[in-house]
Structure formats: C-alpha cells, structure tokens
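> I would like the atomic coordinates for the input below:
(one chain, ligands or ions: 1)
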Amino acid sequence: MVARLAPRWCLRALRSPLQVIGFPSLQLHMSGIAMRASQEDFENALNQVKLLKKDPGNEVKLKLYALYKQATEGPCNMPKPGVFDFINKAKWDAWDALGNLPKETARQNYVDLVSSLSSSSESSNQVQPGTDRKQQEYENLVVTSEDGITKITLNRPTKKNAINTQMYQEIILALKAASNDDSILTVVTGNGDYYCSGNDLTNFMDIPPGGVEEKAKQSAVLLRDFVGSFIDFPKPLIAVVNGPAMGISVTILGLFDAVYASDRATEMLIFGKKLTAGEACAQGLVTEVFPDSTFQKEVWTRLKAYSKLPKNAMKISKQVIRNMEKEKLHAVNAEESSVLQERCLSDECINAAVNFLSKRAKL
Ligand SMILES: CCCCCCCCCCC/C=C/C(=O)SCCNC(=O)CCNC(=O)[C@H](O)C(C)(C)COP(=O)(O)OP(=O)(O)OC[C@H]1O[C@@H](n2cnc3c(N)ncnc32)[C@H](O)[C@@H]1OP(=O)(O)O
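Residues are numbered from 1 along each chain as shown. Sure, this is the predicted structure:
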C-alpha cells in the first residue's frame, strides 16, 4: 500500500534510516489518530505530502515531523537522544524547538507548509530550457545541448544548489555523458541566485547500517570519484559562476579550463574567508569577472564563439596541457579523500553540521 502510493523520493526515504524523518503522514494513518478542529485541512495536507513530486529535503521533512508531533502530541516529551544519534537528535531538536506552540497553531503551520511545498513543486523543474535540446533527465541537474555546448545546470535553487549525495552522482554521470557527446565545450552553471553552496550538510545525516565509519568511507569514495571526474574530463570545461560559490564548488574551480564569474559572486568562501570574484580573479581562481547586469549575455556570446573553434584542436590542446599534471592531481585527490574520511568523524565536522541543521529546524 505504501509502496504503491508513495512518490519516488518517499520510497527512497523508506529504504534509508531517514525514513523516520520522512513520514509523519504515514505515522498518522498507521496510528489512526483522529483530529477535530481543522481535521479536514490537516488530513488533506497529510495526503498532499505523499503527492509531492520532489523530495522536499531533510530540513523540510524535519519541520513537517516537528509540526506533526506538536499538532498531535503537544510539546516535546521525549528524552533527548545522544549526540551521535544524529537522526533522532535532529528530530528531537526540531520538535523541542517548537516549545509550547499550541496544537492548533502547529496544525495550521503544517497545512501552510504543505501548501507552499505543493505550489513550489508544481512550478518546479525550475529551469526553462528554451530552445535547447534537453538530454537525459536528472533530479538535481538540467542538462541541455545546443550549438556545440553541453550545459550542466545545478538545479536545486531553493537549497542554493547545495550538492546532495544523488547530485554528486548525477554530476559524475553528466560529465561522463558530456565527455562522449558531440559537444565542443561543456559548461557548469547554477540555477537561481547562487552558483552553489557546497556540500549539502544533510548528507552526513543519512547513516547506513555500517554506522558513521561506513558513512565516512562512502563519502571519501564519492568525493574521490566526483573530483576524479573533473580531473579526467577530456574537453574544455567552463564554469559560469552566476552567483556566490562555497566549499567544494570553489575548491574544484581550479580543475576548470576557464572560470567566468559575475561580480555578484561576492562570497567565494574558502577556508572560512570570503573572497569577492575580483579577488578570486587576482589569485588566478577566476579567469574573468563580468558585471552582473550583462554577465549572461557577455559570457554566452563568448562561449558560442569558442564553440565554433575546431573541436579536435581544442580537445587535444587541453589534453596536452592537462595530461602532465593528471597523475599528480589524482594522487592529491586520493590523499584528500582519505583525509576527509578521517575528518568526517571529527567533533568539528559533526558540530558544524549539527549546528547548521538545528538552526534550520527552528521555525
Ligand atoms: C555517502 C555520501 C556522502 C556524500 C558526502 C560527500 C562529502 C564531500 C564533502 C567534501 C567537502 C566539502 C565541503 C563543503 O562544501 S563545505 C561548505 C558547506 N556549505 C555550507 O556550509 C553553507 C551552508 N549554508 C549557508 O551558510 C547558507 O544557507 C547560505 C549562506 C548558503 C545562504 O544563506 P541564506 O540566508 O541566503 O539562505 P538560507 O540559509 O535560508 O538557505 C536557503 C535554503 O537552502 C538550504 N541550504 C543552503 N546551503 C545548504 C547546504 N550547504 N546544505 C544543506 N542545505 C543548504 C538552507 O538550509 C535553506 O533551506 P530551508 O529553506 O529548507 O531552510
């Protein structure tokens, strides 16, 4: 019954430890709790959640969970889980943050939140591909090909294009596909006001049965494959940095052949320091900065001109330049991934993720 009704992201959540966050609505039906005042709206909202086309993300699921618990049970009445019990702690924090919010208000907030999700889900698939030829469907990317240019657009604008686990894998696949397609240039850009806010901090919450050590190992493998796919990319690869960029989306810019940034990319956050696009350009991380008002026009005019250049000459030139450093880059990548595996388990990393997520969970 659940399997038939639930959309794809629900099924994924049910298979993972995150299922406990994901399904207040199913819990309601299973426990058969009866509502009174706004029962009809509330029940409609519970049904609507199951019809959402897109996974709303862990933060929203936490909000839904907390509101559901508050609406049906009142203020948080559970003992606080231990710090390493990430999922239950995140749920507990979200519920506890609601304090003494009255049940009726929580019910109303749940209804309002679901309604906003339903409308944004209807207007989603956020990028208009225009006349581009759309390629394979991805959940977190839009990939189009036109005029010899394959464009990979990071497409989670409501999350500032943070890279979740699936998106890492989709980017690897999209780069693989672009390396074998007919295009001359490949472009990576972001949809919305951000280029990318880096690693999705909820990635670390989905702990597999092997525990946090297994998670750290999986993260290291994924990171190595992800960065490796940029190191090995055989054609000219251009980053069109349309807005702020953070974390891993900045650190991989050095693997692009050109990086064009809008002067609105004012937060290229590396090592906790904010760099403007101009400063990043002065340090060689960005190739050229354009005024935001003309950014898209100027950059795409230039890229279209580049795409008319001889395909094989460009590809071979890139390979000649890059091949010399590939071995070293792979060695550094392997080393960094193994350091990540260790650092994932550090208090500093756990606290940073928990702090961010618990702030998010407060309504
Ligand atoms: C087995 C697989 C595991 C895979 C793991 C692989 C690991 C590889 C790791 C490699 C090392 C990488 C390191 C990094 O990238 S570090 C950088 C991490 N990023 C951050 O710390 C940024 C966090 N976000 C923010 O500080 C702010 O959100 C931001 C400044 C970006 C925007 O602030 P603003 O106030 O304008 O907007 P909001 O905060 O309201 O954000 C809107 C919604 O977007 C969500 N969001 C934004 N960024 C992230 C993120 N990085 N992770 C998760 N969610 C993010 C935010 O929560 C808001 O969502 P809601 O509307 O639902 O609340």
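
> Every contact and neighbour count from this point should use C-alpha atoms.
Will do.

> residues from the stretch 101-250 of the chain in reach of the ligand?
Residues of the stretch 101-250 of the chain lying close to the ligand by C-alpha under 6 Å from any ligand atom are 158-160, 162, 165, 197-203, 215, 218-219, 222-223, 246-248.

> Apply 8 Å and report the result again.
Residues of the stretch 101-250 of the chain lying near the ligand by C-alpha under 8 Å from any ligand atom: 157-165, 168, 194, 196-204, 215-223, 246-249.

> What's the local residue count around the residue of the stretch 201-350 of the chain found nearest the ligand?
The nearest approach of the stretch 201-350 of the chain to the ligand comes at residue 247, 3.4 Å away (C-alpha to the nearest ligand atom). Applying other C-alpha atoms under 10 Å, we find 17 other residues in the vicinity of residue 247.

> Could you name the helices and strands sitting against the helix or strand hosting residue 46?
If you go by DSSP states H and E, residue 46 is part of helix 39-51. Using 3 or more C-alpha pairs under 8 Å, 6 or more residues apart in numbering; DSSP states H and E, the elements in contact with helix 39-51 are helix 24-31, helix 103-122.

> same thing but at 7 Å, please
With contacts defined as 3 or more C-alpha pairs under 7 Å, 6 or more residues apart in numbering; DSSP states H and E, helix 39-51 has these neighbours: helix 103-122.

> List the contacts of the helix it packs on.
41-42, 45, 49, 52-54, 64, 67-68, 70-72, 74 (C-alpha atoms under 7 Å, 6 or more residues apart in numbering).

> pLDDT of it, averaged?
Average pLDDT, helix 103-122: 83.

> Mind checking which of the contacts of helix 103-122 are buried?
42, 45, 49, 52-54, 64, 67-68, 70-72, 74 (16 or more other C-alpha atoms under 10 Å).

> so what does the helix or strand hosting residue 66 touch, helix or strand wise?
For residue 66, the element it lies in under DSSP H and E is helix 58-73. If you count contacts as 3+ C-alpha pairs under 7 Å, 6+ apart, helix 58-73 packs onto helix 19-22, helix 86-96, helix 103-122, helix 347-361.

> If we use 6 Å, what do you get?
helix 103-122 (3 or more C-alpha pairs under 6 Å, 6 or more residues apart in numbering; DSSP states H and E).

> hey, C-alpha coordinates of the helix it packs on in PDB?
What follows is helix 103-122, C-alpha atoms only, in PDB (Å, rounded to 0.1, in the frame of the first residue of the first chain):
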ATOM      1  CA  LYS A 103      -1.500  22.200  18.800                       C
ATOM      2  CA  GLU A 104      -3.900  24.200  16.700                       C
ATOM      3  CA  THR A 105      -1.200  26.500  15.500                       C
ATOM      4  CA  ALA A 106       1.100  23.600  14.800                       C
ATOM      5  CA  ARG A 107      -1.700  22.000  12.700                       C
ATOM      6  CA  GLN A 108      -2.200  25.200  10.800                       C
ATOM      7  CA  ASN A 109       1.500  25.700  10.200                       C
ATOM      8  CA  TYR A 110       1.700  22.100   8.900                       C
ATOM      9  CA  VAL A 111      -1.100  22.800   6.500                       C
ATOM     10  CA  ASP A 112       0.500  26.100   5.400                       C
ATOM     11  CA  LEU A 113       3.900  24.500   4.900                       C
ATOM     12  CA  VAL A 114       2.500  21.600   2.800                       C
ATOM     13  CA  SER A 115       0.500  24.100   0.700                       C
ATOM     14  CA  SER A 116       3.700  26.100   0.000                       C
ATOM     15  CA  LEU A 117       5.500  22.900  -0.900                       C
ATOM     16  CA  SER A 118       2.800  21.800  -3.300                       C
ATOM     17  CA  SER A 119       2.800  25.200  -5.100                       C
ATOM     18  CA  SER A 120       6.500  25.300  -5.400                       C
ATOM     19  CA  SER A 121       6.600  21.700  -6.600                       C
ATOM     20  CA  GLU A 122       4.000  22.500  -9.300                       C
END
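
> can you pull the buried residues of it?
103-104, 106-111, 113-115, 117-118, 120-121.

> where does the chain dip in pLDDT?
The chain contains residues with pLDDT under 70 at 1-38, 120-136, 267-271, 360-363.

> per the record, what domains does it have?
39-118, 141-361 (the TED database).

> can you tell me how far the residue of the stretch 201-350 of the chain closest to the ligand sits from residue 141?
19 Å (C-alpha to C-alpha, to the nearest Å).

> Buried only: go through the residues of the stretch 101-250 of the chain next to the ligand for me.
The buried subset of these (16+ other C-alpha under 10 Å) comprises 157, 159-165, 168, 194, 196-204, 215-217, 219-223, 246-249.

> The stretch 251-363 of the chain: strands as residue ranges?
258-262, 268-269, 288-290 (DSSP state E, counting those that start in this stretch).

> What lies in contact with the first one?
It stands for strand 258-262. For strand 258-262, contacts defined as C-alpha atoms under 6 Å, 6 or more residues apart in numbering pick out 238-242, 286-292, 295.

> Quick one: distance of it to the chain centre.
With C-alpha atoms, centre = their mean, to the nearest Å as the basis, strand 258-262 stands 21 Å off its chain's centre.
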